[in-house]
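1. A predicted structure for the sequence below; I have some questions about it.
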Amino acid sequence: MNPSSVWHPFTQHGRGEPIPLVTSASGALLHLADGSRVIDGISSWWVTTHGHCNPRIMQAIADQAGKLDQLIFAGWTHEPAETVAAGLRQIMPQSLTRVFFSDSGSTSVEVALKMALGYWHWRGEAQRSRILVMEHSYHGDTIGAMSVGERGVFNQPYTPLLFDVGRIPFPAQGGEQATYDALEAFCREGTTAALIVEPLVLGAGGMLFYAPEVLAEMRRICAAHGVLFIADEVMTGWGRTGTLIACEQAGIEPDILCLSKGLTGGAVPLAVTMASEPIFEAHWHAEDRARMFFHSSSYTANPLACAAAAENLAIWREEPVLERISALARKQADWIDKLGQVYHFDNPRTCGTIAALDIKVNDEGGYMSDVSPHLQAFFRERGVLLRPLGNTIYVMPPYCITDDELAEVWDAIGEAVIAF
Ligand SMILES: *Cc1c(COP(=O)(O)O)cnc(C)c1O
């Protein structure tokens, strides 16, 4: 039994699984209280991009801590926030002219949904209130974010609180037309406010990938009907799919873009929702205070978090981050090829730095597959942090992972494929 009072997320405490105590981390390594070390194969849940305790980001936080800790952001501003907004404007799609800060991926999604509804409301088209979503998608765990995500065991008790959405099928290879047709049909009804999608990779839905052309076509259909296009790049942003954001590969610009996770290099919580000028303008009025965007949280644009994000942006400008990413992407693809020649598993796939495969199981598979906790324990014993999504094993390491560390991760996966 764990004597701790801490209630952990996505954890069944009744199973009595050990909860390791981590005392420090650097690069791709976690150092445990018992003296052992673990390779972080999933970037501490997809956030850590340049590695743990990146010296530049740690220093930026320390410097900021000596100056300004926290500031009300309604009607006040500070340098780190201005630097982040200006930096994002330089590298994110040009049509996204406005930067709204919040604290997590989920809240960046809530903000995006509120912006979309606000836009139509203030344009006098309040009937456009439906949100379209893709099957198997995940956008966070707050009520609104759950509403636009896949329904299932994760949110079953909360169903009475979730709002209705329109669902389009996942564009499985060969089945893309069904996705387009469903999207087109919903758009034609004239009651749709926006489509929200995870560009190229559905993360929590099982590391499901689809092609850039599909993303481009969905964007085209939305534009043809004036439906807003929300790109949730909370996970795919900051190089995960091989480019700064996944939308780049489809040559598209969304109307609204959600970023979090790697925004601070994964060091501290921060998120932004970027919006196009028409969305900002719909909330703009010379006098009417009822029209402003009613959203805030206490720590909106916290200066320490913004200092970390500003340093992350500087790292992207000054260091060969994209080269590191393409080198890692190549290694990931090599490993999955190599493993595929020796062992038997299903659906090997890579997208940028993300590599995934499905192992064969006796139950139905899916997230609740019994194999998942056993796999986690198996990896933990081998000094590797991996957290399979059901029977889907994936590797999404920090970009600084060394060849030896990556080899240890994939060797452990090879052993797992035999053992399970
Ligand atoms: C993780 C994630 C979120 C939620 O972000 P949190 O910071 O955990 O609230 C939203 N969308 C996507 C695509 C994610 O992967």
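-> Happy to help now that I have it. Owing to the predicted nature of the structure, the values given are computational and were not obtained by experimental measurement.

2. residues from this structure in reach of the ligand?
-> Within the chain, the positions near the ligand by Cβ under 6 Å from any ligand atom are 104-106, 109, 138-140, 198, 203-204, 232, 234-235, 260. C-beta here means a position set from N, CA and C on the backbone, and glycine is covered the same way.

3. just curious, which of these is nearest to the ligand?
-> residue 105 (2.0 Å; Cβ to the nearest ligand atom).

4. quick one: low-confidence ranges for the stretch 251-400 of the chain?
-> Applying pLDDT under 70 to the stretch 251-400 of the chain flags residues 365.

5. Could I get the full set of helices for it?
-> 277-282, 303-318, 321-342, 371-381 (DSSP state H, counting those that start in this stretch).

6. how big is the angle separating the longest one from helix 303-318?
-> So that's helix 321-342. On the basis of axes from the mean of the first three to the mean of the last three Cα atoms, to 10 degrees, helix 321-342 is oriented at 80 degrees to helix 303-318.

7. helices or strands next to helix 321-342 in the packing?
-> strand 346-351, strand 354-358, helix 403-419 (3 or more Cβ pairs under 8 Å, 6 or more residues apart in numbering; DSSP states H and E).

8. Name the stretch among these that sits most buried.
-> Most buried of these, by mean neighbour count (mean count of other Cβ atoms under 10 Å): strand 354-358, with a mean of 24.

9. and that strand, which strands flank it?
-> Paired neighbours of strand 354-358 in the sheet (DSSP bridges): strand 346-351 (antiparallel), strand 392-395 (antiparallel).

10. could you dump these to TSV with distance to residue 93?
-> Formatted as TSV, those follow (distance: least, Cβ to Cβ, whole Å):
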stretch	distance to residue 93
strand 346-351	20
strand 392-395	27
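
11. For the residue lying farthest from the centre of the chain, give its distance to residue 74.
-> In the chain, counting by Cα atoms, centre = their mean, residue 287 sits farthest out from the average C-alpha position, at 37.1 Å. Residue 287 is 18 Å from residue 74, where distance means Cβ to Cβ, to the nearest Å.

12. Where do the strands of the stretch 151-300 of the chain begin and end?
-> Ranges of strands in the stretch 151-300 of the chain, per DSSP state E, counting those that start in this stretch, are 166-168, 192-197, 201-202, 208-209, 228-232, 256-259, 271-276.

13. Identify the residues contacting the first one?
-> Think strand 166-168. Residues outside strand 166-168 that contact it (Cβ atoms under 8 Å, 6 or more residues apart in numbering): 130-135, 179, 182-183, 186, 192, 195.

14. hmm, try it at 6 Å
-> 130, 132-135, 179, 182-183, 186 (Cβ atoms under 6 Å, 6 or more residues apart in numbering).
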